[in-house]
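Colleague: Kindly generate the corresponding structure for this input.
(chains A and B)
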There are 2 protein chains.
Amino acid sequence: MTLDTSEVATEIGVGLMGLGVVGGGVAATLLDPSQPVSRKVGCPVSLKRVLVRDLDKERQVPVPRDILTTDPADLLNDPNVHVVVEVIGGEQPASSYIRESLSRGKSVVTANKEVMAKEGPDLLSLAASRNVNLLFEASVGGGIPIVGPLMKDLLANDIRSIHAIINGTTNYMLTRMSRDGMDFDDALKEAQDLGFAEADPTNDVEGIDAGYKLAVLASLAFHTRVRAEDVYREGISGLRARDFKYAQELGYSIKLLAIARREGHQVQARVHPCFVPQDHMLAKVDGVFNAIEVDGDLTGKILFHGRGAGREPTTSAVIGDLVEVARKLTSGSDPVPFMAPGDGLAIAPMSELISRYYMRLSVADRPGVLAQIGTVLGDLNVSIGSVIQKDSNPGSQTAELVVTTHPAREQAVQESLKCMRALEVVRKVDNLVRVEDWPSD
Amino acid sequence: MTLDTSEVATEIGVGLMGLGVVGGGVAATLLDPSQPVSRKVGCPVSLKRVLVRDLDKERQVPVPRDILTTDPADLLNDPNVHVVVEVIGGEQPASSYIRESLSRGKSVVTANKEVMAKEGPDLLSLAASRNVNLLFEASVGGGIPIVGPLMKDLLANDIRSIHAIINGTTNYMLTRMSRDGMDFDDALKEAQDLGFAEADPTNDVEGIDAGYKLAVLASLAFHTRVRAEDVYREGISGLRARDFKYAQELGYSIKLLAIARREGHQVQARVHPCFVPQDHMLAKVDGVFNAIEVDGDLTGKILFHGRGAGREPTTSAVIGDLVEVARKLTSGSDPVPFMAPGDGLAIAPMSELISRYYMRLSVADRPGVLAQIGTVLGDLNVSIGSVIQKDSNPGSQTAELVVTTHPAREQAVQESLKCMRALEVVRKVDNLVRVEDWPSD
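Modeller: Numbering: from 1, shown residues only, chains lettered A, B, ... in the order given. Predicted structure coming up:
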């Protein structure tokens, strides 16, 4: 038995970095005269300083002018700022500010998926070395508790896999394309008009945002380092109305899934459009909602479903973390070791993925075509599951061929596409989408 | 600033009470030579003593004979038992053992919904007064993290309502009755044969088990005391095949819902069969799965879905709590105040519930019947939403009438049933089921 001699705070000062949508929500909560955060922590928690880019900007949340600053040093050097809440977003300067805050012995609450995906393990080590906390529930899934459950409640489990819909913008677009036959450009335009998608939608539609979040989840779930660049990514811009039609005929929905799976000493991490069986809960996640399915060896599959973005849900996650870190500061306890000792797993190469596949091809509308395609696939050991031939067009003498495969190796499938493209009878390989099957429990 | 002088443990001894299905899982995990729990805590966690009823019973988990005992005092008096894991179940003697353990300064992890529903707040106060922890994630929802998220992750929210399917046995039976047209007795028999239902199924089919769990969830969500006896309960034994048929025609599924809702300074808490719109996620929860929807003012609706019972999921929750409490012991931190200062809400009387209703009546097959029923309802201010007349039986001159209402007061509806029973033309009031509507977000 030893004595714990850490210091215990009796008042918590918060420095807020960023006063955008989420920052406004956090500031409003901390400035609320009914003091919800102080009551939950059991001691005064007050907003000391707010870092902004422009002191004179009109704001919906009336933050006292004298606590606004454009100089990060005003927060970093203030000994009365015990916790820094970072909701600036983007990699820089947020990453430097977080690093500097931790170095100076301040705990940090962040909503920054990009920083956590790229530098999470380093920053967590830095936090541990300074005996402070770095919490990041808001970085994935908005208000859905998922970081906390993975780090604590599900700790007894060896996690087998994660299947997640963690980008609301693309899920909204896919819902519109699937349900209402909208095409990609119209769905994007609508999402932009509604404020779900940015003017430059690349991060969302190319799966970059989902990739960041998956890197965070996979690192936590498998106690290993999965970096943003370890995640294989494909976006949704290649999907066409006919793909949704065929998916439905075959009994599937199309979702942009973020998938991480442990296989022995490797971790697979990938974000791409997937055929999802229509009766699976993930197929029923519509609009801007997010859902994360975690498969643990003890729990089996657990699904977390809710709003993955927006001011209020994200504020909920940030304030939840802030209460936790403030309670730790007031009880003087050591920070919880958030990333358990690593198993040091390798990242599985995408080429070794075993999956079923859906292919859509435009082919010459004449006898013998299917035989040629069958030969290509057979030579590469890719076994055909079903074939649908559709919409032959007499004018162009072109037919559409939809092929699904039995489980096959990604490398062989990619190779087969190359060979098909070389065939005179194949006009075009229109699309390739992986089909995700769940083993029954 | 003050100094924390609590003692810090360097080895954690566990006393296990109960070696049934879940106890076996917990013992196996603690005896696992790879020491998963010790690794997660960061210091040795060992099984010191196991309380059983019969020393000589054959067991699947080989627990060393010398740590088995039939005398609770062997755990309670052992200074090397720091944490007691109670998985005996039932109210007594489990409740006394928990109380005695806490009194002696031992932390407790329990899976006992009945004890937590009846005595949770008292036991938590006792734990706080002794500066020890009482954790109970396993008491609700098996392996689904719900107690932790309500106590921590969702703390920033004012919870508006909880809608939950938290009894797997009845959900399995309802799924069979709904999908396969099975009747109640056959569904029960099958659930018993499969080991989902007890020989005496009362606790499950009458909603008692779900009521215990709802009392625990509502107390946490609303920071107030909701006792087992505060929960209004109706079981599923009154449901007939035709109710499922009509529900489907009307666009609903029938589920046994546990509902808690805050309305001003009152809390509504009730367990009864409900019509649930078919497109709602809860309508899609099938078989033995559980799901809990929590509606927070910031997060909006969050759904947690997974296996709500069974050895592995429950073991996951118990071990998760054990790791948490052991980490607290090794870091010397104060226990988290698990129930925030109470708002002291009143329990809303069931008679004041406003809901829509489905009624099924056997009536005389002749003109003017509908007018008489309409008059009864109208006089009590219960407005009719739809009427379906079915299956008139020329032999008995009886017809079946299915009435749904607009939102009405429970008391008025119950009064109307009394009046209808008194009508000569009403042969029988066959069923009354509440219709749960969700306000759109």
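
Colleague: wait, does stretch A:170-177 contact chain B?
Modeller: No - applying C-beta under 8 Å from any C-beta of the partner chain, one finds stretch A:170-177 out of contact with chain B, separated by at least 13.1 Å. Backbone N, C-alpha and C define where each C-beta goes, glycine included.

Colleague: Name the residues that touch that stretch?
Modeller: Here stretch A:170-177 makes contact (C-beta atoms under 8 Å, 6 or more residues apart in numbering or on different chains) with A:165, A:182-184, A:186-188, A:190-191, A:194, A:196-197, A:204-205, A:207, A:210, A:235-236, A:239, A:241, A:244, A:254-256, A:273, A:285-290.

Colleague: Just the CA coordinates for it, please, in PDB.
Modeller: Provided in PDB are the C-alpha atoms of stretch A:170-177 (Å, rounded to 0.1, in the frame of the first residue of the first chain):
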ATOM      1  CA  THR A 170     -22.700  10.200 -47.300                       C
ATOM      2  CA  ASN A 171     -25.400   8.200 -45.500                       C
ATOM      3  CA  TYR A 172     -27.900  10.900 -46.200                       C
ATOM      4  CA  MET A 173     -26.800  10.900 -49.900                       C
ATOM      5  CA  LEU A 174     -27.000   7.100 -50.200                       C
ATOM      6  CA  THR A 175     -30.400   7.100 -48.600                       C
ATOM      7  CA  ARG A 176     -31.700   9.600 -51.200                       C
ATOM      8  CA  MET A 177     -30.000   7.800 -54.100                       C
END
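
Colleague: Next, the buried residues of that stretch.
Modeller: Of the residues in stretch A:170-177, A:170-177 count as buried by neighbour count, 16 or more other C-beta atoms under 10 Å in any protein chain shown.

Colleague: Which ones among those lie within helices?
Modeller: Cross-referencing those against helices under DSSP state H gives A:170-177.

Colleague: Turn those residues into JSON lines, columns for pLDDT.
Modeller: Shown next, in JSON lines, are these (pLDDT from 0 to 100):
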{"residue": "A:170", "pLDDT": "97"}
{"residue": "A:171", "pLDDT": "97"}
{"residue": "A:172", "pLDDT": "96"}
{"residue": "A:173", "pLDDT": "97"}
{"residue": "A:174", "pLDDT": "97"}
{"residue": "A:175", "pLDDT": "96"}
{"residue": "A:176", "pLDDT": "96"}
{"residue": "A:177", "pLDDT": "96"}
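
Colleague: And these, which is closest to chain B?
Modeller: residue A:175 (13.1 Å; C-beta to the nearest C-beta).

Colleague: May I see the buried residues of stretch A:197-211?
Modeller: Buried residues in stretch A:197-211, counting neighbours by 16+ other C-beta under 10 Å, are found at A:197, A:201, A:203-211.

Colleague: quick one on the thing from earlier: so which of the contacts of stretch A:170-177 belong to strands?
Modeller: With DSSP state E as the criterion, strands contain A:165, A:254-256, A:273, A:289-290 from among those.

Colleague: Which ones, among the residues you listed, also lie beside chain B?
Modeller: Applying C-beta under 8 Å from any C-beta to the ones in strands among the contacts of stretch A:170-177, none is adjacent to chain B.

Colleague: Dump those into a markdown table; add neighbour count and pLDDT as well.
Modeller: Output for the ones in strands among the contacts of stretch A:170-177, formatted as a markdown table (neighbours: other C-beta atoms under 10 Å in any protein chain shown; pLDDT from 0 to 100):
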| residue | neighbour count | pLDDT |
| --- | --- | --- |
| A:165 | 27 | 98 |
| A:254 | 22 | 95 |
| A:255 | 26 | 96 |
| A:256 | 25 | 97 |
| A:273 | 25 | 95 |
| A:289 | 24 | 95 |
| A:290 | 26 | 97 |
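
Colleague: Tell me the one of the residues you listed nearest chain B?
Modeller: residue A:289 (9.2 Å).

Colleague: residues contacting that closest one?
Modeller: Residue A:289 touches A:165, A:168, A:171, A:305-308, counting by C-beta under 8 Å, 6+ apart.

Colleague: thinking again about what came up before, which of the ones in strands among the contacts of stretch A:170-177 sits closest to residue A:410?
Modeller: residue A:273 (14.6 Å; C-beta to C-beta).

Colleague: Show me what the closest one is bridged to.
Modeller: Taking DSSP bridges as the rule, residue A:273 bridges to residue A:256.

Colleague: So it versus residue A:261, what's the distance?
Modeller: 17 Å (C-beta to C-beta, to the nearest Å).

Colleague: from the buried residues of stretch A:170-177, which is closest to residue B:11?
Modeller: residue A:171 (48.2 Å).

Colleague: Tell me how many other residues crowd residue A:43.
Modeller: For residue A:43, the number of neighbouring residues by other C-beta atoms under 10 Å in any protein chain shown comes to 15.

Colleague: What segments of the stretch 151-300 of chain A are helices?
Modeller: A:168-180, A:184-193, A:202-205, A:208-222, A:241-250 (DSSP state H, counting those that start in this stretch).

Colleague: Now render the ones you listed as JSON lines, adding distance to residue B:14.
Modeller: Shown next, in JSON lines, are these (distance: least, C-beta to C-beta, whole Å):
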{"stretch": "helix A:168-180", "distance to residue B:14": "43"}
{"stretch": "helix A:184-193", "distance to residue B:14": "52"}
{"stretch": "helix A:202-205", "distance to residue B:14": "47"}
{"stretch": "helix A:208-222", "distance to residue B:14": "26"}
{"stretch": "helix A:241-250", "distance to residue B:14": "50"}
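
Colleague: among these, which is nearest residue A:369?
Modeller: Nearest to residue A:369, of the helices of the stretch 151-300 of chain A and by C-beta to C-beta, is helix A:241-250 at 18.1 Å.

Colleague: In terms of secondary structure, what does that closest one contact?
Modeller: helix A:168-180, strand A:252-263, strand A:354-364, strand A:384-393, strand A:398-405, strand A:426-435 (3 or more C-beta pairs under 8 Å, 6 or more residues apart in numbering or on different chains; DSSP states H and E).

Colleague: and the longest one with helix A:184-193, angle?
Modeller: Pointing back at helix A:168-180 there. Using axes from the mean of the first three to the mean of the last three C-alpha atoms, to 10 degrees, the inter-axis angle of helix A:168-180 relative to helix A:184-193 is 130 degrees.

Colleague: Please apply the same query to the fourth one.
Modeller: Angle, strand A:384-393 to helix A:184-193, by the same axes, to 10 degrees: 100 degrees.

Colleague: Just to check, residue A:99 is in contact with residue A:123?
Modeller: Yes - with contact defined as C-beta atoms under 8 Å, residue A:99 counts as touching residue A:123 (6.6 Å).

Colleague: In terms of neighbours, single out the busier of these two.
Modeller: Per other C-beta under 10 Å, whichever of residue A:99 and residue A:123 has more neighbours is residue A:123, with 22 against 17.

Colleague: After whichever strand or helix holds the more buried one, which helix or strand is next? Please name it.
Modeller: Per DSSP states H and E, residue A:123 falls inside helix A:113-129. Where DSSP H and E defines the elements, the next helix or strand beyond helix A:113-129 is strand A:134-135.

Colleague: Please find the angle between the direction vectors of the longest helix seen in chain A and helix B:311-331.
Modeller: Secondary structure of chain A per DSSP H: the longest helix is helix A:311-331. On the basis of the same axes, to 10 degrees, helix A:311-331 is oriented at 50 degrees to helix B:311-331.
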